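Trainee: Provided below for reference: sequence and predicted model.
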2 protein chains.
Amino acid sequence: MGANGTVESQLVESTLRTWQQGVDRATKLFGGLDETGLQREVAPGKNRLIYLYGHLAAVSDAMFAQLRLGERLHPEFDALFLKAPDKTVELPSGAVVKAAWEEVHGRLKVEMAKLSPAEWVERHAVVSEEDFAKEPHRNRFTMLLGRTAHLGFHLGQAVLAR
Amino acid sequence: MGANGTVESQLVESTLRTWQQGVDRATKLFGGLDETGLQREVAPGKNRLIYLYGHLAAVSDAMFAQLRLGERLHPEFDALFLKAPDKTVELPSGAVVKAAWEEVHGRLKVEMAKLSPAEWVERHAVVSEEDFAKEPHRNRFTMLLGRTAHLGFHLGQAVLAR
């Protein structure tokens, strides 16, 4: 144990910090655009920013159930931002997505901070207890790392539309 | 301690796994392109794939020194892929970048696997001992997480050029 907590608590703290840095960067990037700015495509013929904004909000919202942190807040986003590709259904306004974004990430931050390191390596909800016994890496922590990578992946695209 | 190692070793293992997934994805994406394919831009007027390929190799190569894992292998990449923006200097061929990519990531994998969880939360080389005492999150682990995010960021851009 070091001066600043156990090794395991430091590892979790670093990971939550990196997740939050991605969230904060996205909050600033998308939140600083008006409705017209959010209609821009990241490259010709590719996703619009409004779609990526809602897509990332929907993926984060799904984490409540996947990490077993409670009920998700915006299941209605799935049909718009996960199941449908961009430009196939009418999307809500940027203001609506922004409100959901703030709500989801504010509550995720609170709920994730409550988990102990031992709870982070427990299984996530997308794997059965039987499969988890064989594949113990399918835990909450690996899911958070995957979601952090996913967020960075789309942030890299979003900055191209600046 | 669980059936599969300590909590801290599981957290480190998950993180190395996520890093390696990003590396493998990039290896496949860039490594599967010929010299012509690597000349494509991720969006009109933006970076070419050959530049991102070398940029990511250079950033990974710098990790040897930053994580205190030994001497870096390709310091000559810095001038081409870190200090210079794309299209300002002549770049090496895709074959040259690919050889460096394989070498750097192969050795990084071996060296990173040797670090214990306690060593992961030791300071990285870019922070002084004095500053680290005040900011203990500036450790090797946080640097690995940051590099994983950086890799994902550019992967998101690279897939747009497919």
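Mentor: Arrived safely.
Trainee: in CSV, list the C-alpha atoms belonging to stretch A:62-73.
Mentor: Extracted in CSV, the C-alpha atoms of stretch A:62-73 (Å, rounded to 0.1, in the frame of the first residue of the first chain):
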residue,chain,number,x,y,z
ALA,A,62,-26.5,1.4,-21.6
MET,A,63,-23.6,1.2,-19.1
PHE,A,64,-26.0,1.5,-16.2
ALA,A,65,-27.5,-1.9,-16.9
GLN,A,66,-24.3,-3.4,-18.3
LEU,A,67,-22.3,-2.4,-15.1
ARG,A,68,-25.3,-3.3,-12.9
LEU,A,69,-25.5,0.3,-11.6
GLY,A,70,-29.3,0.7,-11.9
GLU,A,71,-31.9,1.5,-14.6
ARG,A,72,-30.8,3.3,-17.7
LEU,A,73,-32.2,6.8,-18.3
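Trainee: what are the buried residues along it?
Mentor: A:62-64, A:66-67, A:69, A:72-73 (16 or more other C-beta atoms under 10 Å in any protein chain shown). (Each C-beta comes from the backbone N, C-alpha and C, glycine too.)
Trainee: what about A:D78, neighbour count?
Mentor: Neighbour count of A:D78, defined by other C-beta atoms under 10 Å in any protein chain shown: 15.
Trainee: thinking it is in contact with A:A58, fair?
Mentor: Yes. Using C-beta atoms under 8 Å, A:D78 is in contact with A:A58, at 5.9 Å.
Trainee: ignoring the adjacent residues along the chain, who's closest to A:E35?
Mentor: A:G94 (5.0 Å; C-beta to C-beta, 6 or more residues apart in numbering or on different chains).
Trainee: tell me which residues touch that neighbour, please.
Mentor: Contact analysis of A:G94 by C-beta atoms under 8 Å, 6 or more residues apart in numbering or on different chains lists A:30, A:33-35, A:38, A:50, A:53.
Trainee: rerun at 7 Å
Mentor: Shown in contact with A:G94 (C-beta atoms under 7 Å, 6 or more residues apart in numbering or on different chains): A:33, A:35, A:38, A:50.
Trainee: for chain A, what spans make up the helices?
Mentor: Listed in chain order, the helices of chain A (DSSP state H) span A:7-31, A:49-66, A:77-78, A:94-113, A:117-120, A:129-134, A:140-158.
Trainee: what's the residue closest to the geometric middle of chain A?
Mentor: Nearest residue to the geometric centre of chain A (C-alpha atoms, centre = their mean): A:S60, 3.1 Å.
Trainee: would you agree it is in contact with A:L108?
Mentor: Yes. If you go by C-beta atoms under 7 Å, A:S60 and A:L108 touch, sitting 6.1 Å apart.
Trainee: ok, so what distance separates A:S9 from B:T15?
Mentor: Noted for A:S9: a distance of 15 Å to B:T15, by C-beta to C-beta, to the nearest Å.
Trainee: more crowded one of those two?
Mentor: Per other C-beta under 10 Å, whichever of A:S9 and B:T15 has more neighbours is B:T15, with 23 against 18.
Trainee: wait, the more buried one sits on A:L145?
Mentor: Yes. Between B:T15 and A:L145 there is a contact under C-beta under 7 Å: 6.2 Å.
Trainee: what about A:D78, distance to chain B?
Mentor: Separation of A:D78 from chain B (C-beta to the nearest C-beta, to the nearest Å): 21 Å.
Trainee: quick one: contacts for that residue?
Mentor: For A:D78, the contact set (C-beta under 7 Å, 6+ apart) comprises A:A58.
Trainee: also the one 10 residues further on?
Mentor: Applying C-beta under 7 Å, 6+ apart, one finds that A:T88 lies in contact with no residue.
Trainee: roughly how far does it sit from A:Y51?
Mentor: Counting by C-beta to C-beta, the gap from A:T88 to A:Y51 is 10 Å.
Trainee: repeat for A:V89
Mentor: From A:V89 to A:Y51 the distance is 10 Å (C-beta to C-beta).
Trainee: show me which of those two is the more surrounded one.
Mentor: A:Y51 (24 against 11).
Trainee: A:S14 against B:P136, yeah?
Mentor: No. With contact defined as C-beta under 7 Å, A:S14 does not reach B:P136; the gap is 9.7 Å.
Trainee: ok, those two, which is more surrounded?
Mentor: Neighbour tally, A:S14 and B:P136, criterion other C-beta under 10 Å: the higher count belongs to A:S14, 25 against 20.
Trainee: any idea how far chain B is from that one?
Mentor: For A:S14, the distance to chain B equals 4 Å [C-beta to the nearest C-beta].
Trainee: ok, that residue - contacts?
Mentor: Counting by C-beta under 7 Å, 6+ apart, A:S14 makes contact with B:137, B:139, B:141-142, B:145.
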